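Participant: Structure, please.
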Amino acid sequence: MKKLRRNIDKFGAFDLFSNLAAEHGFKLDDADSQQDFIEKVRNTFECSKNNKIIIYGKRIEALFAYVVGALGEAALLKQEDEGSLYYIGEDIIVPDYRIILKDSSQYLVEVKNHHSENIYDEFVVKKDYYQKLRKYSDLCNVDLKFGIYFSVPNKWALISIDAFNERDDSYTIDFASSIAKSEMALIGDRTIGTRPDLELQLLTNSNEANEIDKDGKAVFTTREINIYSAGHKISDSLEKEIAFYLIQFGDWEEKQAEAIIERGKLLGMRFIFAPHIETEDNFSLIGTLSTMISNMFKQHTVVDGKVIAVDSHLDPERFKVFIPTHYKGKELPLWRFTIQPNHDFEGLTKQ
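Facilitator: Numbers count the residues shown, from 1 in each chain. This is a model prediction of the structure:
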């Protein structure tokens, strides 16, 4: 999926002035109005850039678009809550996105970030807030869903209000129920499994290898990259690309990193990635596609734990891993699971 490039430099500032002019009485040909506009934008930006709620909320909203776009089942994704809106009747809230899938089905999605170390902490939607979202979705005659990002476990869930528990003034749901009842498969999410371990080797040419000095250092230039699956060298370029993506963005941990030394010379480095817990010899889950896409997006927007950008200039399709529909690996076996929602799941019992 590609991102439509709008001419923000040309029209963005003017549109913002027009919107603020309606609220604050700015006049287009008045120098004082122009200065007031610039000052207001500056002050608002200064306040917003230090507001973590705004920063993380906007980043997760942008991340959802990249997850949907990279998963590949959507034909069109539109930010629904942009632009002017005129309506009759009760107050409404416009959801964040409209998704049109390849089968022409449509969904409105309100994106939320839930940050908690405790898996039993519930995500809460106030009833009056939901009713305003529901009013808009009813007018559009399109189903409403919630896209919830659980930031600590780095997991996405796509759920309808029916999955929530109803309280007096709110709807609530915990992490386990969200994952069990999630409909992320609708937008193309899959759980990936492969054969452990995955090994990455960065090698130089033997005639370029430098001796390791007395301080244990050597100048090294990577000339070749090799990847192994359970000890089997991956030679196919597509399989190699998939394996490298899984190494970078999957859930497996780096369990070993060591230098490759021969006759006192540094030939390369070896990195071995393995599941967190012991699994079957020939199979282990390495993560969901939505989590891998989120990890790649983090690489582009977060540095040393600090958000440096809330969006990316790249197209969403750049964040996906291409696995052919009828993929049959030679050296990299893959399992792809389509996880269906379990609407009868009753939640975890606190210990």
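Participant: Pull the residues that contact stretch 138-149.
Facilitator: For stretch 138-149, the surrounding residues in contact (C-beta atoms under 8 Å, 6 or more residues apart in numbering) are 60, 63-64, 87, 92, 95-98, 106-114, 123, 125, 133-134, 137, 155-161, 178, 183, 294. Bear in mind the C-beta positions are built from the backbone N, C-alpha and C, glycine included.
Participant: Which members of these occur in strands, if any?
Facilitator: Those of the contacts of stretch 138-149 mapping onto strands are 97-98, 106-114, 123, 125, 155-159, per DSSP state E.
Participant: Any quick ChimeraX command for the buried ones out of those?
Facilitator: Remark: buried members of the ones in strands among the contacts of stretch 138-149, expressed as a ChimeraX selection using 16 or more other C-beta atoms under 10 Å:
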select :97,98,107,108,109,110,111,112,113,114,123,125,155,156,157,158,159
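Participant: Mind pulling the model confidence for the nearest residue to Val302 once chain neighbours are set aside?
Facilitator: Spatially, and ignoring its direct neighbours in sequence, Val302 is nearest to Ile308 (6.8 Å; C-beta to C-beta, 6 or more residues apart in numbering). You'll see Ile308 listed with a pLDDT of 91.
Participant: Same question for Phe14.
Facilitator: 68.
Participant: now swap in the one 4 residues further on and tell me
Facilitator: At Ser18, the model reports a pLDDT of 74.
Participant: outside of the helix or strand Ile260 falls within, which residues touch it?
Facilitator: Per DSSP states H and E, Ile260 falls inside strand 253-262. The contact list for strand 253-262 (C-beta under 8 Å, 6+ apart) reads 197, 201, 203, 206, 209, 212, 266-276.
Participant: Of all residues in this protein, which one is nearest the centre?
Facilitator: What sits nearest the mean C-alpha location of the chain, by C-alpha atoms, centre = their mean, is Ser294, with 2.7 Å.
Participant: coming back round to it: which among the contacts of strand 253-262 end up buried?
Facilitator: Buried members of these, counted by 16+ other C-beta under 10 Å: 197, 201, 203, 209, 266-275.
Participant: Output the below-cut-off pLDDT ranges for the protein.
Facilitator: Scanning the chain for pLDDT under 70 picks out 5-12, 14, 22, 349-351.
Participant: All the helices of it, in order from the start?
Facilitator: All helices of the chain, identified by DSSP state H, fall at 8-24, 31-48, 52-71, 127-140, 175-180, 237-249, 289-301.
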